[in-house]
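J.: give me the fold of what follows.
(one chain, ligands or ions: 1)
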Amino acid sequence: MKVGILTGGGDCPGLNAVIRAVVKKGFHYGYEFVGIKDGWRGLLDVSTMPLTQSSISGILPLGGTILGTSRTNPLKKPEDIEKVIKGIKALGIDALVCIGGDDTLGVAARLFSYGLKTVGVPKTIDNDLSGTDFTFGFDTAVGIVTEALDRLHTTTEAHHRVMVVEVMGRHAGWIATYGGLAGGADCILIPEKPFDISEVCASVKRRSDEGKCFSVIVAAEGAHPSEVKGMIARDQALDAFGHARLGGVGEFLALEIEKRTGHESRHVVLGHLQRGGTPSAYDRILATRFGIRAIDMVHEGKFGRMCALQGNKIADVSLEEATSKAKTVDMEIFNIAGVFFG
Ligand code: F6P
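T.: Numbers count the residues shown, from 1 in each chain. Now for the predicted structure:
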């Protein structure tokens, strides 16, 4: 059996841990592996690399992906999906392990509907994939946000300022909610709940009236004021999957708060720092468990499915279910964070 592996979409700490687990366990089954470079682009260009014992050695703690990644979408043009299918056949690939978020796994689901043997592994720091309680990479991102909030708290308090911290989270505010809860944010703004700027300003004022002359506000990049239509984007250009390049809500809010309350305000965009670097121990373990399950699914002939964390067990769900809609924030957790808002 020849198994292809690809990593698609934004990178994520733990990708290499998945690759290592898939290949290591696959060797026990006597499988052969081929690494597809740069996500779906590697199948359009037929660009591959061998995956051997030596190529997976020492990669467990490495961030990024040894295979490279891209946001190439072969579903955009019918001729591209045909090219991908031809590429898979030309490479003699019997089964394809696709490590990605909803975009990458949406393509895997489509390929499965065309009779190809695909298995998905849920990756995204945003944790917004359905069917799984958590995706790998999320824990690392939350750790980075928490450390940043701890650091920003001391400087914000020392200067009696308002600090708006913009974090990733396009359609779902998981990072903002968990990071903000762990880092003691005074206010958390998420895409699921359009916010009222005057309420945010009122909470800043309330805190200062109570003698707390500083506030730390966490805003997901997809959070938006109810008076503004749609999300705040850097520019109008869309990527291959139709996503705008978000960013700017932190700056927008810091300016508004300063203007409306007179409190000196700053903003910080954590951006790709949340995605880079070594995975946390939790993510290394989760990614390894996912990788082992993915290759077991190949062995058991369970295609068109994605491995998933349900409770503390690794299960599997259909790719269709996983990619049908974004998993939004659990309001029970958000409301716990809300108890500590100013
Ligand atoms: O991977 C998802 C994500 O982290 C989003 O939260 C964010 O909007 C996007 O990636 C940024 O991606 P890029 O690396 O293409 O700027």
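
J.: in a helix, residue 257, correct?
T.: Yes - when DSSP: H, G, I helix; E, B strand; the rest coil is applied, residue 257 is found to be in a helix.

J.: is it true that it touches residue 186?
T.: No - counting by Cβ atoms under 8 Å, residue 257 does not reach residue 186; the two are 11.8 Å apart. Placement of C-beta: from N, CA and C, glycine included.

J.: okay, and the common contacts of these two?
T.: residue 217 (Cβ atoms under 8 Å, 6 or more residues apart in numbering).

J.: for the ligand, what's its nearest residue on the stretch 51-200 of the chain.
T.: Distances between the stretch 51-200 of the chain and the ligand by Cβ to the nearest ligand atom are smallest at residue 168, namely 3.5 Å.

J.: before we move on, what about the chain?
T.: Closest point on the chain to the ligand, by Cβ to the nearest ligand atom, is residue 10, at 2.8 Å.

J.: surely that residue and residue 70 touch.
T.: No - counting by Cβ under 8 Å, residue 10 stays clear of residue 70, with 10.0 Å between them.

J.: residues contacting residue 92?
T.: residue 2.

J.: next, find the distance separating it from residue 291.
T.: Distance of residue 92 to residue 291, given as Cβ to Cβ, to the nearest Å: 22 Å.

J.: next one: residue 75
T.: Distance, residue 75 to residue 291, by Cβ to Cβ: 26 Å.

J.: the more surrounded of the two?
T.: Counted by other Cβ atoms under 10 Å, residue 75 and residue 291 do not tie: residue 291 has more neighbours, with 29 against 16.

J.: how about the residues of this structure by the ligand?
T.: 9-10, 124-126, 168-170, 221, 246, 275 (Cβ under 6 Å from any ligand atom).

J.: what's in contact with stretch 217-224?
T.: 145, 149, 162-173, 175-176, 179-180, 183, 185-191, 193-195, 200, 230-232, 246-247, 249-250, 253, 257.

J.: to clarify, my last question referred to stretch 46-59.
T.: With Cβ under 8 Å, 6+ apart, stretch 46-59 has contacts from 4-5, 16-17, 19-20, 23-24, 27, 33-38, 41-42, 66-67, 87, 90-91.

J.: and it, how far apart are its ends?
T.: 24 Å (Cα to Cα, to the nearest Å).

J.: try stretch 211-226
T.: Start-to-end, stretch 211-226 (Cα to Cα) is 29 Å.

J.: let me see the mean pLDDT of that stretch.
T.: Mean pLDDT, stretch 211-226: 96.

J.: same thing with stretch 22-41?
T.: Here the average pLDDT along stretch 22-41 is 98.

J.: then stretch 253-267?
T.: Stretch 253-267 comes out at a mean pLDDT of 98.

J.: list the buried ones in it?
T.: 253-254, 256-258, 260-261, 263, 265-267 (16 or more other Cβ atoms under 10 Å).

J.: from the residues you listed, which land in helices?
T.: Among these, the ones falling in helices (DSSP state H) are 253-254, 256-258, 260-261.

J.: and the residues you listed, which is closest to residue 321?
T.: residue 253 (35.5 Å; Cβ to Cβ).

J.: thanks again, I'm all set now.
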